[in-house]
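In: Sequence plus predicted model, see below.
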Amino acid sequence: MRLTADAKARNARVLDGSEAMRAMNGTPESQEMMKKVEQVLEWIDEADAVVIGGASGISTANGFDYYNHHTPFFNKYFADFGKIYHEPSCWQLLYHHYNSDEERWAYMARNGCVMLDLPAGQTYLDLHALVGDKDYYVITTNQDAQFAKVFDPERIFTIQGDAHWMQCSRRCHDKIYRSEETLHKLNASIVHGKIPTEMVPRCPVCGEVMEPWVKSFIFHYSSYWDEQADKYKAYLKEHINQKVLFFALGVGNMTPEFIKHPFINMTYNWPNARLVLLNIGEPDPMKEIADKTVAMNADILETLKTMAEMKTGTTRRGTRSNEQVYRNCEEN
Ligand SMILES: [Zn+2]
């Protein structure tokens, strides 16, 4: 199997994670990591509520890589678009300057269908097992609909929108529309990176072209978004004095203001709150809340697998390493 430089770098980083920890058997590093894992399991057990904050790292860990160039994931689902529009990643195809709505919506349809049709990633399944029957709420910056495949959609705040919805690009009225049916029809009609003109989705009120309901300069903060935000805030308020565990996964430096910074603030200010941060490259916790924080600089896939196995006392069947996911993408 040929791996791209990005995939090689990722796999090298995996070895910094919990798999390496187990392989190291009793070294100070592995003992330190195991202490953290045990601490997190204890905190989950003691929590009255778990507030999960998920960002791109928790999806990328499964091989669903929208950012890196020419990954097997990209090659499997987007190779035709990559060739036609000379772009190396989904991220760049998303921001490509298309010459027409027919071209742009063809890509939007493919992208949306991939997100909606992919099975739940192993990180999400393991996280779900880890949370078990605890009271929980999810806030996510991810737009790929993965959380809704395993967690209750009524308990998820998609703060940057997600693939399930469309809006008017002029924001002429306060309504967003389910997108599944449209996306699948469009995706089935793509010819050489374009859809037929008459299929470009149009606003039923003003006739302007529709837009996926995901964060952009024309994102519509609809009543639906307000309702989601109010429910999330109400949930937080309700638990302010309880034992709340904030669990941030895969939150990097792109949009820390939505998950990481509020989680840190609440942990600092709430009497019984605790915080777990899990991401590759996660720095040490802030000293003001060091006794209430576990920061794990580790691979999300392997770490969640380890914790889910310890929590449930079972081997997590079906758990695949990143390398296997890449291989599967290449073979299919
Ligand atoms: Zn409109």
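Out: Arrived safely.
In: what comes into contact with the strand ranked longest in the chain?
Out: Longest strand in the chain, counting residues (DSSP state E): strand 161-168. By CB atoms under 8 Å, 6 or more residues apart in numbering, the residues outside strand 161-168 that reach it are 111-112, 115-116, 142-145, 148, 175-180, 182-183, 201, 203, 205-206, 208, 210-215, 219-220, 222, 224-225. (C-beta placed from N, C-alpha, C; glycine too.)
In: hmm, which of those residues are the buried ones?
Out: The neighbour count (16 or more other CB atoms under 10 Å) marks 111-112, 115-116, 142-145, 148, 176-177, 179, 182-183, 201, 203, 210-215, 219-220, 222, 224-225 as buried among the contacts of strand 161-168.
In: hmm, back to that, and the contacts of strand 161-168 near the ion, which?
Out: Among the contacts of strand 161-168, the ones lying near the ion by CB under 5 Å from the ion are 203, 205, 206, 208.
In: Please tabulate these in TSV, including the columns secondary structure.
Out: Shown next, in TSV, are those (DSSP: H, G, I helix; E, B strand; the rest coil):
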residue	secondary structure
203	coil
205	coil
206	coil
208	coil
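In: So in that sheet, which strands flank the longest strand of the chain, and in what orientation?
Out: Strand 161-168 has the following sheet partners, assigned by DSSP bridges: strand 177-178 (antiparallel), strand 210-214 (antiparallel).
In: Now the next helix or strand along the chain from the longest one: average pLDDT?
Out: Going back to what we said before, that points to strand 210-214. Scanning forward in sequence from strand 210-214 by DSSP states H and E, the next helix or strand is helix 223-238. Averaged over helix 223-238, pLDDT sits at 97.
In: Show me which residues of the stretch 51-200 of the chain sit near the ion.
Out: By the rule CB under 5 Å from the ion, the part of the stretch 51-200 of the chain lying against the ion is 168, 170, 172.
In: What subset of these is buried?
Out: Buried among these by 16+ other CB under 10 Å: 168, 170.
In: Quick one: the residues of the stretch 51-200 of the chain next to the ion as JSON lines, columns for distance to residue 194 and pLDDT too.
Out: Below are these laid out as JSON lines (distance: CB to CB, whole Å; pLDDT from 0 to 100):
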{"residue": "168", "distance to residue 194": "22", "pLDDT": "98"}
{"residue": "170", "distance to residue 194": "23", "pLDDT": "97"}
{"residue": "172", "distance to residue 194": "26", "pLDDT": "97"}
